[in-house]
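**Q** Provided below are the primary sequence and the corresponding predicted coordinates.
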Amino acid sequence: DAGITQSPRYKITETGRQVTLMCHQTWSHSYMFWYRQDLGHGLRLIYYSAAADITDKGEVPDGYVVSRSKTENFPLTLESATRSQTSVYFCASSESGGNNQPQHFGDGTRLSIL
Amino acid sequence: RKEVEQDPGPFNVPEGATVAFNCTYSNSASQSFFWYRQDCRKEPKLLMSVYSSGNEDGRFTAQLNRASQYISLLIRDSKLSDSATYLCVVNHRDDKIIFGKGTRLHILP
């Protein structure tokens, strides 16, 4: 049971570069989510997807792009990375979007923008 | 009132003691509630769902108080391995799920 996997685990890049974080789940969950976690802010939702080809903005979407061409994959792209995007990024999935369905998280990607 | 609010702690508790902490939420229409634990630099992991009638899983008891709009987590006979940050999660409205910022718990030997 592979569950949900994120890659890479660690990434260092420079300001202005494009970076893509990968997320893959094997449960066939409908919903997938991207969060960032920073000290003092807790988990903040960047984007989520209810199904393939359906994506919606979360709390902090600026500077990020997502796609969901296949149910199992939900990549997150930083089009032009900025230092403020240095963070820990978590992908999560759930069977449905809301009631009584918990989210399950990947191991996280630790991203540093220099 | 914040959508979901937790005491950040830290709670420093001797091993074997009982500890409890609450999480308040603002939307009275919220329908689903969860507790997660997060270890340092790790992903959040589901600890337990919170049901209207309250529920127990081993040493852990979760309760919901709709009238006062809070959920609680009680840990009995605390272990060193219980040291973590505990996040409450509330279905705020429709499909919007809100994570609290967490309560840090340190179990002291």
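**A** Arrived safely.

**Q** does the residue nearest the centre of chain A belong to a helix or a strand, and which?
**A** What sits nearest the mean C-alpha location of chain A, by CA atoms, centre = their mean, is residue A:34, with 2.8 Å. Under the criterion of DSSP states H and E, residue A:34 resides in strand A:31-38.

**Q** Can you give me every residue that contacts residue B:54?
**A** Neighbouring residues of residue B:54 by CB atoms under 8 Å, 6 or more residues apart in numbering or on different chains: B:61, B:62, B:63, B:64. Using the backbone N, CA and C atoms, a C-beta is placed for each residue, glycine as well.

**Q** Name the pair among the residues you listed with the greatest separation in space.
**A** Using CB to CB, those span at most 11.3 Å, a distance reached by B:61 and B:64.

**Q** Output the longest strand seen in chain A in PDB with nothing but the alpha carbons.
**A** Scanning chain A for the strand with the most residues, using DSSP state E, yields strand A:42-51. C-alpha atoms of strand A:42-51 as PDB (Å, rounded to 0.1, in the frame of the first residue of the first chain):
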ATOM      1  CA  GLY A  42       0.200  26.400  10.700                       C
ATOM      2  CA  LEU A  43      -1.000  24.600   7.600                       C
ATOM      3  CA  ARG A  44      -2.300  26.900   4.800                       C
ATOM      4  CA  LEU A  45      -4.200  25.500   1.800                       C
ATOM      5  CA  ILE A  46      -2.700  26.500  -1.500                       C
ATOM      6  CA  TYR A  47      -4.900  24.700  -4.000                       C
ATOM      7  CA  TYR A  48      -7.200  21.700  -4.000                       C
ATOM      8  CA  SER A  49      -8.800  19.400  -6.600                       C
ATOM      9  CA  ALA A  50     -12.100  17.600  -6.400                       C
ATOM     10  CA  ALA A  51     -11.400  15.400  -9.400                       C
END
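
**Q** Which helix or strand in chain B has the lowest average pLDDT?
**A** Within chain B, no helix or strand scores below strand B:96-99, which has a mean of 84 by mean pLDDT, DSSP states H and E.

**Q** Tell me, how many residues neighbour the residue nearest to residue B:43 when sequence neighbours are not counted?
**A** Closest residue to residue B:43 apart from its sequence neighbours, by CB to CB, 6 or more residues apart in numbering or on different chains: residue A:105 at 4.0 Å. Other residues within reach of residue A:105 by the criterion other CB atoms under 10 Å in any protein chain shown amount to 23.

**Q** what do you get for residue B:42?
**A** Neighbours around residue B:42, by other CB under 10 Å: 15.

**Q** before we move on, the earlier item: list the contacts for the residue nearest to the centre of chain A?
**A** A:21, A:23, A:45-48, A:58, A:64, A:66, A:74, A:76, A:89-92.

**Q** Keep only those of those that are also close to chain B.
**A** Filtering those for proximity to chain B (criterion: CB under 8 Å from any CB of the partner chain) leaves residue A:90.
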